[in-house]
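Chemist: sequence plus predicted model, see below.
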Amino acid sequence: MIKQIKKILILSIIASSSLFAQNDSTTIRTLKRISANDSTEVTNQDAMFARPFIGIGKSKTAVGGYLEGNTNYFAEDGVTEGYSMELRRFNIFLYSKISKRIRFLAEIEFEHGAEEIAIETALIDFEVNPALNFRAGILLPQIGLFNANHDSPRWEIINRPLSSTTIIPSTLSEVGFGFYGKFYPGKNIITYDVYMVNGLQHNIVNSEEGKTWIPAGKDEEMFGEDNNGTPMYNARVAFNNRKLGELGVSYYGGIYNTYRLEGEEVDDKRSVKLMALDFSTKIYKATIQGEFVSASIDVPNDLDEMYATKQLGYFAEVIYPVLNRKMLGYDNAVINTTFRYEYVDYNIGTFASTNENIGDHVQAFVFGVGFRPTAATSIRFNYRYHKTTDILGNPPALMGGFQFGFATYF
C-alpha cells in the first residue's frame, strides 16, 4: 500500500512538471519568480516562506524546491567502508495566495530517491493582522534554530547539526494548529509562535537504539491521531534587531506514552520536555549562529540507567566569506569558509553503583569551504571529526572523513 502511494505521488509530480515542460511559448513567457514572504524583514519565523518560487501567469499557485546530493568518505579508528554517494534529498514546495490574507504552503520530501517520501508541511494561514495569525495543518514546530529553517541550500555544512537532529528530532513535522505573529517596538521585531500538536509517541523509550532516543518518538501514526488523547505544546519567542541579530527561546513538550486504552488508565503519564535557546548574528562579514537544547524525559521506573532522563546538546558555527566577486562567469559568486563545533550528551547523570559519570556523548568539529555561484546554489567541501564516548566512559572512538556535495534551490 505504501509503495502504491509513493508511485502515485511520483506520477502526480511528474504530471505536474509536464505542464512546465510543454512547448507552448505563451506558458513559458508567463513563468516568473515570486516572493511568498509578506515581510521585508526576514526572521527565523519567515524561513518557510522566504524561498524562491515560480508562478505561472495570473495563477495563485507557485512551485519551488531544492535538490541535495553528496559523496562521503569516513574512517573510524582506522577502519573505513570507502566512498559512497547519495542523492540525499529532493524537495518540492507548493505555495498559493488564496486571498489577500489567506495563504497555503506545502513541502513534499523525497529522501535517497524514493526510499522515503514524506509530507513535511501542508498548512494554511489566516491573517487577522501582523500580530495575530491562525495556522493549521501539518506544520513545523518552532523549536531551536534549525527545525523551521532546515533547507539545505541555506547551510554551508552538509550534515545537519547533531543537537538539531538527535535531541530535537528534526525535521519534526506535526499535525496541529495555533497562532503566530509579530510586534514592532521601535526598530526591533518580536515574534511569537504558539501551537498545539499531536506530539511524539511512546517509542522514545522503546526503540532499536536500546536507550532513550527522542527521534524514535516520530511515527506515521501521529499524522492520523494522538496516541494518548493529550496534545503536546510548542512555543517560541524571539527578539530581532537588524544590527544585533536574533535571539530565540523555545519550548516543546507534553505526555508521550500511551497511558490509557479505551478510557482506562493502564500506565503512569510520562512526559518529554525540550527547552532551546538559539541565536544568529553578524559581526563585520562573519555570520555566527547556533543553538543550545536541554531535554528532560520521564522513563519507566523498571528501566536501568541506560535510559537517560536528561540530555543536552549545542552547536555554534562561524561562516566567513573570503572572496566575493565575479568568478567563472558568475557575477556575484562567493567563497565561504565555515567552522562548526558540536557537542551532545545523551545521558546526563552518574551510575548509582559506582557514582561515576555516565558516558554516551559526542564531540564534533567540522571545517568547510563552500562556493556559491549564486545565492541559491552551494557547492560544499567539508572535513568532519568526531570523538564518540560510549556509555561506560571508555576511551573515545575517533572518526574523521571528508564530504563533497551540492545543494540548490530551483
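Modeler: Arrived safely, thanks for sending. All of these numbers come straight from a predicted model, not from anything done at the bench.
Chemist: what backbone torsions are found at Glu120?
Modeler: phi -80, psi -30 (degrees, to the nearest 10).
Chemist: what of Gly210?
Modeler: phi 70, psi 30.
Chemist: check Gln45 too.
Modeler: Dihedral angles (degrees, to the nearest 10) for Gln45: phi -60, psi -30.
Chemist: where do the helices of the stretch 101-250 of the chain begin and end?
Modeler: 162 (DSSP state H, counting those that start in this stretch).
Chemist: now do the contacts for Ile167.
Modeler: Ile167 sits next to 214, 274, 293, 295, 311-313, 344, 346 when contact means C-beta atoms under 8 Å, 6 or more residues apart in numbering. Where you see a C-beta, it was placed from the backbone N, CA and C, and this is true even at glycine.
Chemist: now do it against Asp345, distance only.
Modeler: 9 Å (C-beta to C-beta, to the nearest Å).
Chemist: and for the two, which residues touch both?
Modeler: 311-313.
Chemist: one step back: name the nearest of the contacts of Ile167 relative to Ala235.
Modeler: Distances from Ala235 to the contacts of Ile167, taken as C-beta to C-beta, are shortest for Leu274 (11.1 Å).
Chemist: not counting its neighbours along the chain, what's nearest the closest one?
Modeler: Tyr252 (4.5 Å; C-beta to C-beta, 6 or more residues apart in numbering).
Chemist: wasn't the one you found part of a helix?
Modeler: No - going by DSSP: H, G, I helix; E, B strand; the rest coil, the assignment for Tyr252 is strand, not a helix.
Chemist: partner residues bridging it?
Modeler: Asn234, Leu274 (DSSP bridges).
Chemist: in contact with it, which residues?
Modeler: Per C-beta under 8 Å, 6+ apart, neighbours of Tyr252: 141, 143, 168, 232-234, 273-274, 276.
Chemist: ok, what's across the strand from the closest residue in space to Thr374 that isn't next to it in sequence?
Modeler: Excluding the flanking residues, the one nearest Thr374 by C-beta to C-beta, 6+ apart is Tyr330, at 6.6 Å. With beta bridges defined as DSSP bridges, Tyr330 has these partners: Met327.
Chemist: tell me the pLDDT at Tyr330?
Modeler: On pLDDT, Tyr330 comes in at 95.
Chemist: can you give me the strands in the stretch 251-400 of the chain?
Modeler: 260-261, 264-265, 271-283, 286-297, 310-327, 330-345, 361-374, 377-389, 397-409 (DSSP state E, counting those that start in this stretch).
Chemist: comparing the ones you listed, which yields the minimum mean pLDDT?
Modeler: strand 264-265 (a mean of 81).
Chemist: other residues contacting it?
Modeler: Residues contacting strand 264-265 (C-beta under 8 Å, 6+ apart): Tyr259.
Chemist: and it, which strands flank it?
Modeler: With DSSP bridges as the test, strand 264-265 pairs up with strand 260-261 (antiparallel).
Chemist: ok, and for the helix or strand hosting Glu86, which residues are buried?
Modeler: Using DSSP states H and E, Glu86 sits in strand 79-99. For strand 79-99, a neighbour-count test (16 or more other C-beta atoms under 10 Å) marks 88-97 as buried.
Chemist: which outside residues touch that strand?
Modeler: 13, 36, 49, 51, 53, 60-74, 103-113, 120, 124, 151-152, 401, 405.
Chemist: quick one, it and strand 397-409 angle?
Modeler: 30 degrees (axes from the mean of the first three to the mean of the last three C-alpha atoms, to 10 degrees).
Chemist: what's the average pLDDT for strand 79-99?
Modeler: 94.
Chemist: sheet-wise, list the partners of it with their directions.
Modeler: Strand 79-99 has these strand partners (DSSP bridges): strand 61-76 (antiparallel), strand 102-111 (antiparallel).
Chemist: dump those into TSV; add distance to Glu265 and mean pLDDT as well.
Modeler: Converted to TSV, the strands paired with strand 79-99 look like this (distance: least, C-beta to C-beta, whole Å; pLDDT from 0 to 100):
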stretch	distance to Glu265	mean pLDDT
strand 61-76	45	96
strand 102-111	37	96
